[in-house]
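> Need the 3D shape of this:
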Amino acid sequence: MIIGFHLEAQAYYDDMLIRLFNYAVSDEEGYKRIDDSHAVFKMPQQAVVFLKDTDKSKDKLYIKLILPDEQEIEYSVHAVRSLGYTPQELIANDMEILLPFQILRLYGSVKKYSSFSEEQKNEFLEKFTSMCRDIITTLRSLKETGKITNDEHSTMITIIRDLEKHIYSSIDDIANKGADSMLNEEFLFSDERARAEAEAEEKQKIAELMIEDGECAEKIIRYTGIDVSVLKSMAQSLGKALML
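Next up is the predicted model:
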């Protein structure tokens, strides 16, 4: 019997325990019929991720179930307080998927920013720059060590930039004073690399089709720009002879 894992992520506390409980009891994979009058149901593992919470000591949520005969059962689910972890701690706990949400760390100061003194504004912008640097360097390290793929890195950078534009859009100083310059540079670099990889993949497909159609190397190079040594290797893997 395979039991799944239910995960819910949200920014605010609401009645997610009811939703998680409903998800659990509606999961047919946990149900097993024994005979005409008996069955067993195994609850799946469940967790809720609070994207803006910092108190990771509160690692459980509880709901008390009172049965018709007045028996009481306390049901609990795991609670992950995302901002209670530094980027390095997320990696150590195999929670790299939550790294993009580190950009929410200064969310609580957004509405207060306009009332800040100049000194407080500068302090906020320094923290913002440091926060971006920490996230970006952590993601770079994960990519360079092969713990995440280039596609995963690009997706995470895009999520971070989208969140930044949405959450901090009211603070013009972030862009005007370059507090997010490192994030923007990483996004542009990632976007350019993704386009380059897509173009290279498309050229490779074209080259393979031309090799299979018996086109000469000179014509394939003219259309794709792929070096003849690479074309020879491609032709060999396709079981075709390259026309030189």
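> Could you point out the longest helix of this structure?
Assignment by DSSP state H gives helix 181-212 as the longest helix of the chain.
> for whatever helix or strand comes next after that helix, what is the average pLDDT?
Where DSSP states H and E defines the elements, the next helix or strand beyond helix 181-212 is helix 217-224. The average pLDDT within helix 217-224 is 84.
> just the angle between helix 217-224 and helix 181-212, please?
If you take axes from the mean of the first three to the mean of the last three Cα atoms, to 10 degrees, helix 217-224 sits at 150 degrees to helix 181-212.
> Tell me which residues are up against helix 217-224.
Helix 217-224 is contacted by residues 203-204, 206-207, 210-211, 226-228, 231, 242-244 when judged by Cβ atoms under 8 Å, 6 or more residues apart in numbering. All C-beta atoms are positioned from the backbone trio N, CA, C, and that covers glycine.
> Distance to Asn176 and neighbour count for these - can I get that in JSON lines?
Output for the contacts of helix 217-224, formatted as JSON lines (distance: Cβ to Cβ, whole Å; neighbours: other Cβ atoms under 10 Å):
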{"residue": "Lys203", "distance to Asn176": "40", "neighbour count": "15"}
{"residue": "Gln204", "distance to Asn176": "43", "neighbour count": "14"}
{"residue": "Ile206", "distance to Asn176": "45", "neighbour count": "14"}
{"residue": "Ala207", "distance to Asn176": "47", "neighbour count": "23"}
{"residue": "Met210", "distance to Asn176": "50", "neighbour count": "20"}
{"residue": "Ile211", "distance to Asn176": "53", "neighbour count": "23"}
{"residue": "Ile226", "distance to Asn176": "44", "neighbour count": "18"}
{"residue": "Asp227", "distance to Asn176": "46", "neighbour count": "11"}
{"residue": "Val228", "distance to Asn176": "51", "neighbour count": "13"}
{"residue": "Leu231", "distance to Asn176": "50", "neighbour count": "20"}
{"residue": "Leu242", "distance to Asn176": "56", "neighbour count": "18"}
{"residue": "Met243", "distance to Asn176": "58", "neighbour count": "14"}
{"residue": "Leu244", "distance to Asn176": "58", "neighbour count": "9"}
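> so which of these comes closest to Gln120?
Lys203 (52.3 Å; Cβ to Cβ).
> And that closest one, what's its pLDDT?
For Lys203, pLDDT reads 80.
> How about the contacts made by it?
224-226.
> List the residues that contact Arg133.
Arg133 neighbours (Cβ under 8 Å, 6+ apart): Met182.
> residue ranges of the helices in the chain, please?
Under DSSP H, the chain gives helices at 16-25, 87-92, 118-144, 150-167, 172-176, 181-212, 217-224, 228-238.
> Give me the contacts around the last one.
The contact list for helix 228-238, computed with Cβ under 8 Å, 6+ apart, reads 204, 207-208, 211-212, 217, 220-221, 226, 241-242, 244.
> Which of the residues in the top strand by length along the chain are classified as buried?
Counting residues, the longest strand in the chain under DSSP state E turns out to be strand 72-81. Using 16 or more other Cβ atoms under 10 Å as the test for burial, strand 72-81 gives 77, 79-81.
> Starting from Ile159, give me the distance back to the most centrally placed residue in the chain.
With distances taken as Cα atoms, centre = their mean, Ile97 lies nearest the centre of the chain, 4.4 Å away. Distance, Ile97 to Ile159, by Cβ to Cβ, to the nearest Å: 10 Å.
> Touching both of these two, which residues are there?
With Cβ under 8 Å, 6+ apart, Ile97 and Ile159 have no common neighbours.
> Next up, the contacts around Leu104.
Going by Cβ under 8 Å, 6+ apart, the list of residues near Leu104 reads 51-52, 82-83, 163, 167.
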